[in-house]
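Visitor: Fold the following, please.
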Amino acid sequence: DLAMPGARGFSALLHVRGEHPDIPVVVISSNDHPRVIRRAQQFGAAGFIPKSTPAESIGTAVASVLEGGTWFPPMTAERSEADAQLASKLAQLTPQQFRVLLSLADGLLNKQIAHELGLAENTVKVHVTAILKKLDCYSRTQAAVLVKALEPEGEG
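Guide: Okay, here's the model as predicted:
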């Protein structure tokens, strides 16, 4: 439990993993923020069970870990897949297109982006068109929303 008396956050997980690296550890917590779940996974947890998990899923989770597998809430896997897809799309952008995208996400108009980046306005238009195509976006707003997904999640 991340809120266990005498432990601070992930310290108990790190201690147990350090002392007994071959024993799988499952974290149980009322804090089911995706970032907390990912950190538990990064620190070596074999599973993460939110306290809100239905009883039948707890049994499945424990069985999976005892059989040598892992278990994390489905939303974490879906988010990781979405993050991987976004990263793949963003990797297609040139550095200049990425700068244009960041300016676009800040709400700047093509003329403002051109001035800020020292480009011709027509060049910015060409970049925006390429960005929308590479990111499979139908609008500047949709592309800006994707950029917001890059920002760290709030403390929770």
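Visitor: Distance of Arg17 relative to Gln42?
Guide: Note on Arg17: its distance to Gln42, by C-beta to C-beta, to the nearest Å, is 11 Å. Where C-beta positions appear, they are placed from N, C-alpha and C, glycine not excepted.
Visitor: Let me fix that, I meant to ask about Pro34.
Guide: From Pro34 to Gln42 the distance is 12 Å (C-beta to C-beta).
Visitor: Over to Phe10?
Guide: With the distance defined as C-beta to C-beta, Phe10 ends up 9 Å from Gln42.
Visitor: So which of those two has more stuff around it?
Guide: Applying other C-beta atoms under 10 Å to Phe10 and Gln42 shows that Phe10 carries more neighbours, namely 18 against 9.
Visitor: where's that one relative to Ser29, distance?
Guide: Counting by C-beta to C-beta, the gap from Phe10 to Ser29 is 10 Å.
Visitor: Check Phe43 too.
Guide: Going from Phe43 to Ser29 by C-beta to C-beta gives 13 Å.
Visitor: the more surrounded of these two?
Guide: Ser29 (19 against 15).
Visitor: hang on, that one packs against Ala12?
Guide: No. With contact defined as C-beta atoms under 8 Å, Ser29 does not reach Ala12; the gap is 11.2 Å.
Visitor: any common contacting residues for those two?
Guide: Shared contacts of Ser29 and Ala12, defined by C-beta atoms under 8 Å, 6 or more residues apart in numbering, are found at 1-2.
Visitor: how about the strands in the chain?
Guide: Secondary structure of the chain (DSSP state E): strands at 26-29, 47-50.
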